[in-house]
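need a 3D model of the sequence below.
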Amino acid sequence: APAQAEEVAKLKRRCNQFDVRNYEFREDFLKRAPLRFDSSRPYDSIDQHYLECREMEREMQALQKQGDMFGVKLPEYKQLKACRRELGHLKMLWDVIMLVRSQFDDWKTTPWMQINVEDMENECKKLVADIRNLDKDTRAWEAFNGVDNEVKNMITSLSAVGLLQSPAI
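Below you'll find the model as predicted:
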């Protein structure tokens with residue numbers, strides 16, 4: 001029994017150390033994750049965070065396995081779970097941002113007389129729906145606000161283009 005008590009004490013120390021690293025990981029995630037609309041290489045950043053998150057999760061699983069063996073209840077490590085959840089949200093947000101950028105870049109090459117304002121406005125409405133369908137947590141991120149504003153600005157611009165294309169002018 002003394003050997004088991006010593007192992008339990010060691011496990012609890014490792015869990016406490018992991019808990020500290022868990023909080024540090026969360027803080028680092030929030031500092032480095034591509035939460036801003038002007039983030040460069042967002043997918044590289046997401047991939048790197050994913051790898052780091054997987055490593056932390058592997059360590060957490062090993063601790064949980066040992067905890068189960070010794071009947072020790074471990075903390076939930078909510079910060080790590082939040083990072084995992086937000087990585088998925090970030091990926092979906094950046095997919096929408098890249099879709100918007102690609103669509104708008106394509107439209108910028110359209111000759112003036114070939115601009116179909118109605119079709120473009122309808123496409124913008126679909127993009128707005130895609131943005132609104134993102135998880136509500138993403139709305140706190142600057143990247144969400146950036147893409148939302150970009151689409152709203154395009155809708156405003158298209159209204160002006162429609163007026164300028166009018167034969168009455």
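
not counting sequence-adjacent ones, nearest residue to W112?
Leaving out its chain neighbours, the residue that sits closest to W112 by CB to CB, 6 or more residues apart in numbering is Q165, at 7.9 Å. From N, CA and C alone the C-beta is placed, and that goes for glycine too.

residues contacting the one you found?
W112, M113, I115, V117 (CB atoms under 8 Å, 6 or more residues apart in numbering).

what is the neighbour count of the first one?
W112 is surrounded by 8 other residues when neighbours are defined as other CB atoms under 10 Å.

same question for the third one.
When counting by other CB under 10 Å, one arrives at 15 neighbours for I115.

I figured it hits A160, correct?
No: counting by CB atoms under 8 Å, I115 stays clear of A160, with 11.3 Å between them.

and the spatially most central residue of the chain, how close does it get to F29?
Nearest to the mean C-alpha position of the chain, by CA atoms, centre = their mean, lies L90 at 1.1 Å. Distance of L90 to F29, computed by CB to CB, to the nearest Å: 10 Å.

can you check M98 too?
For M98, the distance to F29 - CB to CB - is 21 Å.

if you count surrounding residues, which of these two has more?
Remark: of M98 and F29, F29 carries more neighbours, 22 against 13, as counted by other CB under 10 Å.

residues in contact with that one?
Contacts of F29 by CB under 8 Å, 6+ apart are H49, C83, E86.

return the distance of it relative to S159.
Counting by CB to CB - F29 and S159 are separated by 40 Å.
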